[in-house]
Each structure stands twice: as structure tokens, then as C-alpha cells.
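Engineer: I would like the atomic coordinates for the input below:
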Amino acid sequence: MIDIKFLRENPDIVKQNIKNKFQEHKLGYVDEVMELDAKMRTAKQEADELRANRNKLSKQIGALMGQGKKEEAEQVKAQVSANAKRLSDLEQDERELQEKVTKLMMSIPNIIDPSVPIGKDDSCNVEIERFGEPAVPDFEIPYHTEIMEKFNGIDLESAGKVAGNGFYYLMGDIARLHSAVISYARDFMIERGFVYCVPPFMIRSSVVTGVMSFEEMDAMMYKIEGEDLYLIGTSEHSMIGKFINTINDEAKLPYAMTSYSPCFRKEKGAHGIEERGVYRIHQFEKQEMIVVCKPEDSKMWYDKLWQNTVDLFRSLDIPVRTLECCSGDLADLKVKSCDVEAWSPRQKKYFEVGSCSNLGDAQARRLKIRVKSADGNKYFAHTLNNTVVAPPRMLIAFLENNLNADGSVSIPAVLQPYMGGKTKLV
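Structural biologist: A predicted model of the protein is given here:
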């Protein structure tokens, strides 16, 4: 959510930003907010004047009564009563106007970074850099579920009976590999100075609306029936929510944390043949990283976060690339975002395995995450998040890139301690 003061002073910039995100249907929101905001400020000014006048009139009543001027005092009392009714009406108007302004402001997209390429959808995303040499072996690579089935490592049929499509059973060495990757990612981030955390896996609606747009909420979140609770779609939600309604000592920033959680997503819409198996699912596990920092440090942390993911994948012998998300592919709260994509030798192309985002002060403004400087000034923090690793999708990249001609799968040295010393799956 952008600053209402910025919108008042720069409506044309806000409108151009909406156009850059190809959300022309929201252009009218800017004028509507300005009109409602003007009415709200007028109501507040009159209400403040009535409150100030109330004290003055109360003293006047006392003075008149002391002078025996009862009739004049009663006239002033009548004025106080009329003013009280008017004040009550104004306060109600203020509340209603504020609710309308807030709802509209939460639908207006955040101002994107000038470096973001302008484009309508993900087809306009721009490759930034490649890490590692993508290779295609001279033998055929089976679909990822076929590789898993060879090791008796997956059961989609039983999962379908138990929970429906989009769920899975992982077993044996494949399940162990899944846990090994998560454990390795945890330790990888701890060694880079991040504090490890296991957060709540459910959050209240006040946190949901603080960390994401209404559109994302509808497309992703599972609601717990009869309770004000939602299953998290990523631990970023509860990790950023940890700081709701806080004033943080500037000297203690940044907060750099890495978190483990299961994730639950509706994943609405039809998906192609390449998104069968465990590519797009309703339940998965993830190691995440989040940062809460000073505004001037968020660009530096953004670069550190995506680099962490690149380094982790390269340590597992998986070629990756970074892809700059264009304006139309950015969620409304994001200032800037890039995807990390892993090489698929079977498909002969890259596919998304992580996403790094700088949200500026949008989440902090919604959740009231403030920072207090040494001189006592208060301001909103900046928040960032990035995927460390998200199996089982990451397992697709791992299995394809470490598959051997004889059907075995090599285990990189860094992962072997988490696999009981195994060097191969055979």
C-alpha cells in the first residue's frame, strides 16, 4: 500500500504506474481516493473544531451558572448538545470514509522500481544472468515421476484416493532426499548469518491482508471454516506477520531470518502437461528467507537474497538463471522481483524454482511495522523475501541434472552427510 500523502501530491505518477502494470481498470481509484480523502479531512477538521469548542463552552456554562445567568447557561447547554450530535455524525462519517479509502488504497499497486522492464505478462520477463552450463545428456531423461517410481519413491494414486489431485506420497530414498534438501538449505542459510525459525502454519485475516493483495489471497489461500484463520501459502506470510504492530530499534536492524514450513495453495486454473506430477501441487514444504531492514538497505539485501538461492543450487550441480519480472508480472505489493529458474535437461529449458521480492514499505505500512531511529523519528521498514528451496519441485531439477545413463542418481558432496553418506541412489 502506498503512502496516501504521496498519492495526494503525485496522482499522475500513481496513474502512470497503474498503466505500466496494465491495470487500467484501477485508474479511477486514484480520483476516487482523492475525493474521499478530501471529504474525510474536511470532516476531521470540523470535528476537531467542535472538540476544541466543547471545552470552551463547558467553561462558559460554569461561568454563567456562577453569575446566576441560568437561562443563558441553558442556551449554551443546548448548543453543546447540538454540537455533540454533529460531532457524533462527523466521527461516523470519518470512520466510513476511512474504510472506503483504505479499501481502495489496498487495491492500488505499489510504485515499481524504475529498473523494472515494462511488459504485460511473464512472456515479457527478461533474462539477467546464467550460472552454470546447461547441458543435455546423450541419453533420454524420463519424466520426473518415472524417475521417482524407479526408486519406489512416489505414490500419486493412493494420494489421489486420500486427498485428491495435487497431493502425493513420497517414500524411501526420495522422501529422504526431500528432507535432506530441506535440512541442507536450513544449514546453508544459518551459515550465512540468518536466524532459523519455525513459524505458525496458520495466520489471521489481518495478517493475510497485510502481506498480499486481495487477488493473491483469493487465488492462493485456504480458509479454516468457522475461524479467523488461513493456512499459509508460504512462511513469508507468518514471518513478516511476526512484526505486526511493532516499533523496532533501528540499531537492531536488519532482521534476517530463514524459516521452514509446509505450504498450502489452491493453485486455481488449468495447467499444462509439464505441470503434472509434483510440479504444481496443493501442499509442499519450503525453506524461505525474509529480511526486515532500513529503506536504504533494501536494494543491497535484494541482491544478497537471490544470490543465496543461486549459490545453493550451484552447490547441488544444478545450472540456474535469474529472470527479471516485468511490470505486469509483479504482484501489487512488489517493488521489484526476480525468479530463479533451474535448468531442465529433459525439457531443454529453464523452469521456476524460486522467487525473490522487494516489497518496499508496502507490507510494513499495512501491518504497521515501524522503526525508531536514534533521534526518535519513526518510519516504516522495508521487507523482502526469497525462496531458499522448495521441494518437491526442486527435486525435479535435482533428479534430472544428477541422473546417470544407468538410471542411478548422483548425490553431490554437500548433500551426502544428510543422506547417511550415500553417494548415489541406485
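Engineer: buried residues in the least confident helix or strand in the chain by mean pLDDT?
Structural biologist: Ranking every helix and strand in the chain by mean pLDDT, DSSP states H and E puts helix 214-220 at the bottom, with a mean of 81. Buried residues in helix 214-220, counting neighbours by 16 or more other CB atoms under 10 Å, are found at 217, 220. (C-beta placed from N, C-alpha, C; glycine too.)
Engineer: and what of stretch 128-147?
Structural biologist: Buried, per 16+ other CB under 10 Å, within stretch 128-147: 131-132, 134, 141, 143-145, 147.
Engineer: and those, which of them are in strands?
Structural biologist: Among those, DSSP state E puts residue 131 in strands.
Engineer: any chance of the buried residues of stretch 128-147 in a markdown table, plus pLDDT and distance to residue 263?
Structural biologist: Below are those laid out as a markdown table (pLDDT from 0 to 100; distance: CB to CB, whole Å):
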| residue | pLDDT | distance to residue 263 |
| --- | --- | --- |
| 131 | 98 | 25 |
| 132 | 96 | 27 |
| 134 | 95 | 28 |
| 141 | 96 | 27 |
| 143 | 95 | 23 |
| 144 | 95 | 19 |
| 145 | 95 | 20 |
| 147 | 97 | 23 |
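Engineer: State the number of residues packed around the closest residue in space to residue 144 that isn't next to it in sequence.
Structural biologist: Sequence neighbours aside, residue 396 is the residue nearest to residue 144 in space, at 4.4 Å (criterion: CB to CB, 6 or more residues apart in numbering). Counted with other CB atoms under 10 Å, the neighbours of residue 396 add up to 25.
Engineer: What ranges does the stretch 251-400 of the chain have for its helices?
Structural biologist: Using DSSP state H, counting those that start in this stretch, the helices of the stretch 251-400 of the chain run over 298-315, 362-367, 393-401.
Engineer: mind showing which ranges of the stretch 1-150 of the chain have poor pLDDT?
Structural biologist: Within the stretch 1-150 of the chain, the ranges that satisfy pLDDT under 70 run 55, 59, 61-62, 64.
Engineer: ok, which stretches of the stretch 101-250 of the chain are strands?
Structural biologist: Assigned by DSSP state E, counting those that start in this stretch, the strands in the stretch 101-250 of the chain fall at 126-131, 154-155, 169-170, 195-197, 202-203, 222-223, 230-231, 246-249.
Engineer: what packs against the first one?
Structural biologist: Taking 3 or more CB pairs under 8 Å, 6 or more residues apart in numbering; DSSP states H and E as contact, the helices and strands that strand 126-131 lies on are helix 298-315, strand 320-324.
Engineer: 7 Å instead?
Structural biologist: strand 320-324 (3 or more CB pairs under 7 Å, 6 or more residues apart in numbering; DSSP states H and E).
Engineer: residue boundaries of the helices in the stretch 51-200 of the chain?
Structural biologist: 70-105, 144-150, 156-162, 172-191.
Engineer: Make a markdown table out of the ones you listed and add distance to residue 230.
Structural biologist: A markdown table is the format used below for these (distance: least, CB to CB, whole Å):
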| stretch | distance to residue 230 |
| --- | --- |
| helix 70-105 | 19 |
| helix 144-150 | 30 |
| helix 156-162 | 23 |
| helix 172-191 | 23 |
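Engineer: quick one: the spatially most distant residue from the centre of the chain from residue 74, how far?
Structural biologist: For the chain, the largest distance from the centre (CA atoms, centre = their mean) belongs to residue 68, which lies 66.7 Å off. Taking CB to CB, to the nearest Å as the measure, residue 68 falls 13 Å from residue 74.
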